[in-house]
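Undergrad: let me see the structure of the following:
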Amino acid sequence: MSAVLDHHDHDHDHHAPTGWRRWVFATNHKDIGTLYLLFAFAMLMIGGVLALLIRAELFQPGLQVVNPELFNQLTTMHGLIMVFGAIMPAFVGFANWMIPLQIGASDMAFARMNNFSFWLMIPAAMMLAGSFFMPGGAPAAGWTLYAPLTLQMGPSMDAGIFALHILGASSIMGSINIIVTILNMRAPGMTLMKMPMFVWTWLITAYLLIAVMPVLAGAITMTLTDRHFGTSFFNPAGGGDPVMYQHIFWFFGHPEVYIMILPAFGIVSHIIPAFARKRLFGYASMVYATGSIAILSFIVWAHHMFTTGMPVTGQLFFMYATMLIAVPTGVKVFNWIATMWKGSMTFETPMLFAVGFLFVFTMGGFTGLILSIAPVDTQLQDGYYVVAHFHYVLVAGSLYAMFAGFYYWVPKWTGVMYNETRGKIHFWWSLISFNVTFFPMHFLGLAGMPRRYADYPMQFTDFNMWASVGAFAFGIAQVYFFLFIVLPVMRGVGEKAPAKPWEAAEGLEWEVPSPAPFHTFETPPKLDATATRVIG
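TA: Just a heads-up that it's a prediction; the model follows:
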């Protein structure tokens, strides 16, 4: 049998496309994962340039760099490009690379659909980014595309709607592929409760995506028919209701923010056990917590709408439901801390980013808890406190976890070790500049500065200057990351990666925590002679 398989593999290699064909016609999950990651990084850079234009304008009061209309276009497109172009595709790239490897599958279930769902994103991204050059400029309704603003935008609004439809189709196909792969292609003996945490988080994320992407499609399709076909879903002049748009949008939008963080939880759940030399504490509770977060994410959407004239009963329900999400999230954080507790920890770059994630994401979680309190949110709504909150969750949450995952898995992907010193520089540079950028925004919000404004009164100047300086430093750090860390490993420059780059992590990912009396955890596990060797 093995001879037949060898012959088949040889035959396959013989016909495998090379050069540009290898990438255009890619059906291999690794190549497609690489394409997703490169695409996401390119979009991160574009979205980052838009953010830096915003921060350049806000460096001091008055109008310096852009006019208010362009400023609104920048905030809108920055949000759309970062969410749909950078974070989501990057996590799909991780899923493509790692899920087949972690479950022992030969590839993803639907290889051609995998290729199609990637290439669909290219025209969508071009339409999104290109909308700046259309008559009237890019959409300027905020990334949430609230009606009735969207009913008065130029043709770029239609391009944006079309782009989001295509990106949604891509997400749905990717999710179907991931679910079918996980449910049908696991290695013999790998029951669901033996799956690695990253696989679990993506299985749940994929179900979330299939549930909510059609909801977004519905909202933007109604916007489209209001714009061109005489309907009045959201147009008050024809008896429509702009607040209904918000309900539909946030019914998509809130699960969406969990779609952007659950895979991050999965990545961190691999890295912390590896560098603590301990198995993950409370595997089953982690799985159930992930599931609980996903289910609860569907009943909290209107906490984005406390100021829309909701009845007090409604405010109370959404307030308490939102607070409830803090429970499974807290379970995860405490499990990660318990995993590190009395472990034999070393702090290579993946672990630095994972611990950085833990610290800064938890802060973002706490500000979210504060915003869930209806009367507090009424004061802080649409201010910079909210901007600080969600950037702590999305940048220090999703993005840091991706950096951690990149450093952790790139030896496996490329066969080359990244430069450890440069990795640490990237981490500290990113962590410090991130906090310099977004921490002052909490104070701006508490002092009453509204978001999405191109100008502001003089008393907000100092914190805005800090934020702008930090933002440029953070942006340069990511250019450094690409030039001095990503490019060398892609070109195969660097120390050859050993078969098990993080030797102490050997076997941890597949181990199922067996119930053990507490005293067994009081002394750290004994390390092999090889386990303490630090690579780098």
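
Undergrad: hey, let's count contacts and neighbours off CA atoms from now on
TA: Will do.

Undergrad: mean confidence score for stretch 321-337?
TA: Stretch 321-337 shows a mean pLDDT of 96.

Undergrad: for stretch 503-520, same thing?
TA: For stretch 503-520, mean pLDDT rounds to 44.

Undergrad: use 7 as the first number for this chain going forward.
TA: New numbering, starting at 7: the last item is stretch 509-526.

Undergrad: and residue 362, how far from residue 430?
TA: Using CA to CA, to the nearest Å, residue 362 is found at 12 Å from residue 430.

Undergrad: which of the two has more residues huddled nearby?
TA: A count of neighbours by other CA atoms under 10 Å puts residue 362 above the other of residue 362 and residue 430, at 20 against 17.

Undergrad: the more buried one touches residue 435, doesn't it?
TA: No. Using CA atoms under 8 Å, residue 362 is not in contact with residue 435, being 12.0 Å away.

Undergrad: mean confidence score for the host helix or strand of residue 280?
TA: Using DSSP states H and E, the element containing residue 280 is helix 268-282. Helix 268-282 shows a mean pLDDT of 96.

Undergrad: start and end of stretch 311-323, how far apart?
TA: First-to-last residue span, stretch 311-323, CA to CA: 12 Å.

Undergrad: name the residues that touch it?
TA: 249, 252, 309, 380, 383-384, 387 (CA atoms under 8 Å, 6 or more residues apart in numbering).

Undergrad: repeat for stretch 85-99
TA: 38-43, 45-50, 52-53, 131, 134-135, 148-149, 173, 180, 265-266, 269, 404-405, 408.

Undergrad: CA atoms of that stretch as CSV?
TA: Output of stretch 85-99 as CSV, limited to C-alpha atoms (Å, rounded to 0.1, in the frame of the first residue of the first chain):
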residue,chain,number,x,y,z
GLY,A,85,-12.7,50.1,9.8
LEU,A,86,-14.0,48.1,6.8
ILE,A,87,-10.5,47.3,5.5
MET,A,88,-9.2,46.3,8.9
VAL,A,89,-12.2,44.1,9.9
PHE,A,90,-13.0,42.4,6.5
GLY,A,91,-9.6,42.7,4.8
ALA,A,92,-7.0,42.2,7.6
ILE,A,93,-8.2,40.4,10.7
MET,A,94,-10.7,37.9,9.3
PRO,A,95,-8.6,36.8,6.3
ALA,A,96,-5.5,36.4,8.5
PHE,A,97,-7.3,34.0,10.8
VAL,A,98,-8.6,32.1,7.8
GLY,A,99,-5.0,31.9,6.7
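
Undergrad: give the rounded mean pLDDT of it.
TA: The pLDDT scores in stretch 85-99 average 97.

Undergrad: chain center to that stretch: distance?
TA: 7 Å (CA atoms, centre = their mean, to the nearest Å).

Undergrad: for stretch 384-398, same thing?
TA: Averaged C-alpha coordinates place stretch 384-398 at 19 Å from its chain's average position (CA atoms, centre = their mean).

Undergrad: and stretch 438-454, by the same measure?
TA: 21 Å.

Undergrad: in that stretch, which residues are buried?
TA: 439-451, 454 (16 or more other CA atoms under 10 Å).

Undergrad: what of stretch 185-192?
TA: For stretch 185-192, a neighbour-count test (16+ other CA under 10 Å) marks 185, 187-188, 191-192 as buried.

Undergrad: hang on, the earlier thing: switch the contacts of stretch 311-323 over to a markdown table; also include neighbour count and pLDDT.
TA: Shown next, in a markdown table, are these (neighbours: other CA atoms under 10 Å; pLDDT from 0 to 100):
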| residue | neighbour count | pLDDT |
| --- | --- | --- |
| 249 | 16 | 96 |
| 252 | 23 | 97 |
| 309 | 24 | 96 |
| 380 | 22 | 96 |
| 383 | 22 | 96 |
| 384 | 15 | 95 |
| 387 | 22 | 94 |
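
Undergrad: could I get these in JSON lines, plus columns for distance to residue 260 and secondary structure?
TA: Formatted as JSON lines, the contacts of stretch 311-323 follow (distance: CA to CA, whole Å; DSSP: H, G, I helix; E, B strand; the rest coil):
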{"residue": "249", "distance to residue 260": "16", "secondary structure": "helix"}
{"residue": "252", "distance to residue 260": "11", "secondary structure": "helix"}
{"residue": "309", "distance to residue 260": "9", "secondary structure": "helix"}
{"residue": "380", "distance to residue 260": "17", "secondary structure": "helix"}
{"residue": "383", "distance to residue 260": "16", "secondary structure": "helix"}
{"residue": "384", "distance to residue 260": "18", "secondary structure": "helix"}
{"residue": "387", "distance to residue 260": "16", "secondary structure": "coil"}
